[in-house]
Structures are given as C-alpha cells and as structure tokens.
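Colleague: just need the structure, nothing else, for what follows:
(one chain, ligands or ions: 1)
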Amino acid sequence: MGKGSGFGKVILFGEHFVVHGVPGIVSAIDATNDAEVKKTAQGLTVKDIRKAATGYAEEKRLQQLESIDRILRAMGIAPGTVSIDILLGGTLPGFSGLGASAASSVAITRGIAEEYGIKLTDERVNEIAYEAEKAYAGTPSGIDNTAATFGGLLWFKKNMTSGANTVEKLHIREPVEIVIGSTGVVANTKAMVEGVADRKRKNPEEYDAIFEQAEALALIGRKALLAFDLKKVGELMNDNHHLLRQIEVSHEKLDLLVDIARKQGAYGAKLTGGGGGGCMVALTPSLELQGRVAKAIENAGFEVLRTRIGVEKT
Ligand code: PMV
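Modeller: Predicted coordinates for the structure are as follows:
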C-alpha cells in the first residue's frame, strides 16, 4: 500500500489577488489530508472519510474525479488502465477555503507514487498537484498546492509568463495561535475565481487600484510578520478583508465571523481562501485568546478549528 500526506493552509494575505500575479503570504496549518492507495482488480474507487461541511463531498465529487485523472496523466499513467482503491482521510476537514483540494491532491500523488514505486521530488509533487488543482479552481495561482507540498510559512508570487513562481520560506520567532471559523457554506472556488476575473475585466480602473493596495498589504504584512509585530499583522489582515469585500468575495456569514472574532479581541480577522462561504481566519496569539474567540464562534453555532501558523515542518 502507498501512503501520502498534504498540508492544509490559511492564506494570511492575498487570496484571489495572487491569481493575477500579486504576491501573497500563506501558512500551512497543523492539519493534513492523508491518502492510502492500494492496487486492486476492479477499477478506480475513492472512499472519502474526511470530516466535511454538509454537501462538501457531493459538490466536489466530479472535480475530485477529474483531479485524480489529471494526477495519473501527469504521472504518465493512462487513467483507463488503472485499478486502485484510494482512501482519503486525515485531520484537515473539508471546509472550503483551507486548501483541502490541494492537500488531498498532494496526498494522493504521493500515495500513488509509493504504490507504483515511482520516485518523485517535492518539486515534481507540487507540479502534479498544480495540474490537479485546475480541476477545482480553473486557473489556480499555485499557492495552495505549494503550501500543501512544502508546509511552513511562505511568500508566494505567481509568475504570469512561465511556471517558475517565486516561493520563499519565511521564518517567524515562534508559531502563533489562530482560530479558523467555518461558515458551513460550501463554496465553488472556480466560480469565485472566474467572478473576480470577470469584474476585473469590466472595471479595470477600480480593480487596478484595489490590486495595488493588495500588493502593498502583502509587502507590509511580510515585514510585520518577520518583525513579529502581531498587532500590525492583525490590522493588515483587517485591511485585507476590506479589500476582499470590495472585490465581492465575502459572504454575510464570513462578515459575521470576522465581527465576532474582532469583538472577542482577535488581533485581526479576514476571510481565507476562495470566499463566498468557506472559512474565516482570526489571529489570536495565546491559548487564552484563541480559546475565547473559538468559544464565541462555537456559541454562535459555527464549527471551528484551533491551530497555529508558522509551524516549521519537521
Ligand atoms: O478556497 P481555496 O482553499 O481553494 O483557496 C483558493 C485561493 C484562491 O486565491 C482564491 C485561488 C488560487 O488559486 O490562488
């Protein structure tokens, strides 16, 4: 049997903007998707036992099958000839926005490689997972599969003319507690990404100005993170949420979660990932603050994940 894992992620700065070449900052989180892959005799089966928001598995089912097809092709295996069972699990839940599609693609790629005795470098795993991400996100930036493959806290900038993206590891003094709140609303990343591209085409001046601000935020955010100025990082996350509202990727439940988190003292809060539902991330340094924010969100009827950013991969 072949086994593989991929990290979940939160984007601290720059989702959607990264698709268009603006830099972003992403952190892997302490939660993974894990795949077990076993050759069998009767075609391809996928058993997905991940905890997920209601409707997540159904919404992503066809995209998941297309992504596996893409993984096999990228590995030089003709999909029609394959008989394997894939069991997909792990601690990363299927809440939209946490990169679960990329984490699962990385896990499945590594699992298939091990089962077939194929040696893959992390760089190659990342390339294959990027091909798989196209099934979920249309024209993905590559930020999710990069975080899922390599882990850690990363500065990411998509190269708009070739495949050579800029990826830089950022090292911070110590990991920082965060709270992820799930709206429970399953979102379609591909539709969200296409919506932004469409509005950007129709309103070039307005969008260019917003995109410039997003670039500035990523740059100042990087400095604040490296200086470990968490109050500043939080403020900038709030600003980033405002820009995401302006490009119409927020959702009333995301705005509600952001509000709850800020009222409880989170240093900053914003939607994370594709938006339109999915998840909110709040910066909550210390277990005490993390607990308070998480409890308030749970009391309002939402699911949470308590985790940390900036954990170095071991
Ligand atoms: O919603 P998620 O976890 O698939 O994150 C999508 C992030 C986007 O920036 C919206 C798309 C991308 O490819 O970068």
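Colleague: what does the stretch 201-314 of the chain have sitting close to the ligand?
Modeller: Contacts of the stretch 201-314 of the chain with the ligand, taken as C-beta under 6 Å from any ligand atom, map to 273-274, 278. C-betas here are computed from N, CA, C, even on glycine.
Colleague: and the longest helix anywhere in the chain, what does it pack onto?
Modeller: If you go by DSSP state H, the chain has its longest helix at helix 204-226. When contacts are defined as 3 or more C-beta pairs under 8 Å, 6 or more residues apart in numbering; DSSP states H and E, helix 204-226 packs onto strand 2-13, strand 24-39, strand 166-170, helix 189-202, helix 230-246.
Colleague: what's that helix in contact with?
Modeller: Residues outside helix 204-226 that contact it (C-beta atoms under 8 Å, 6 or more residues apart in numbering): 12-14, 17, 20, 22-25, 153, 155, 170-172, 199-200, 230, 232-233, 236-237, 239-240, 243, 246-247.
Colleague: could you rerun that using 6 Å?
Modeller: 13-14, 17, 22-25, 172, 200, 232-233, 236, 239-240, 243, 246 (C-beta atoms under 6 Å, 6 or more residues apart in numbering).
Colleague: show me which of those are buried.
Modeller: For the contacts of helix 204-226, a neighbour count by 16 or more other C-beta atoms under 10 Å gives the buried set as 13-14, 17, 22-25, 172, 200, 232-233, 236, 239-240, 243.
Colleague: which of those residues lies closest to residue 40?
Modeller: residue 24 (39.9 Å; C-beta to C-beta).
Colleague: surely that closest one and residue 12 touch.
Modeller: No. Shown here, residue 24 and residue 12 do not form a contact pair, counting by C-beta atoms under 6 Å, at 8.1 Å.
Colleague: ok, the residue lying closest to residue 137 once chain neighbours are set aside - how many residues close by?
Modeller: Computed as C-beta to C-beta, 6 or more residues apart in numbering, the closest residue to residue 137 that is not its neighbour in sequence is residue 189, at 4.8 Å. The tally of other residues near residue 189 (other C-beta atoms under 10 Å) stands at 26.
Colleague: I figured residue 189 was touching residue 274, is that so?
Modeller: Yes. With contact defined as C-beta under 6 Å, residue 189 reaches residue 274; the gap is 3.9 Å.
Colleague: picking that back up, just the buried ones among the contacts of helix 204-226 now: which is nearest residue 179?
Modeller: Using C-beta to C-beta, the buried ones among the contacts of helix 204-226 come closest to residue 179 at residue 233, 14.7 Å.
Colleague: not counting sequence-adjacent ones, nearest residue to that closest one?
Modeller: residue 224 (4.7 Å).
Colleague: what is the burial count for that neighbour?
Modeller: 20.
Colleague: one more: residue 54?
Modeller: Counted by other C-beta under 10 Å, the residues lying close to residue 54 total 10.
Colleague: helix/strand/coil for it?
Modeller: coil (DSSP: H, G, I helix; E, B strand; the rest coil).
Colleague: what residues are up against it?
Modeller: Residue 54 neighbours (C-beta under 6 Å, 6+ apart): none.
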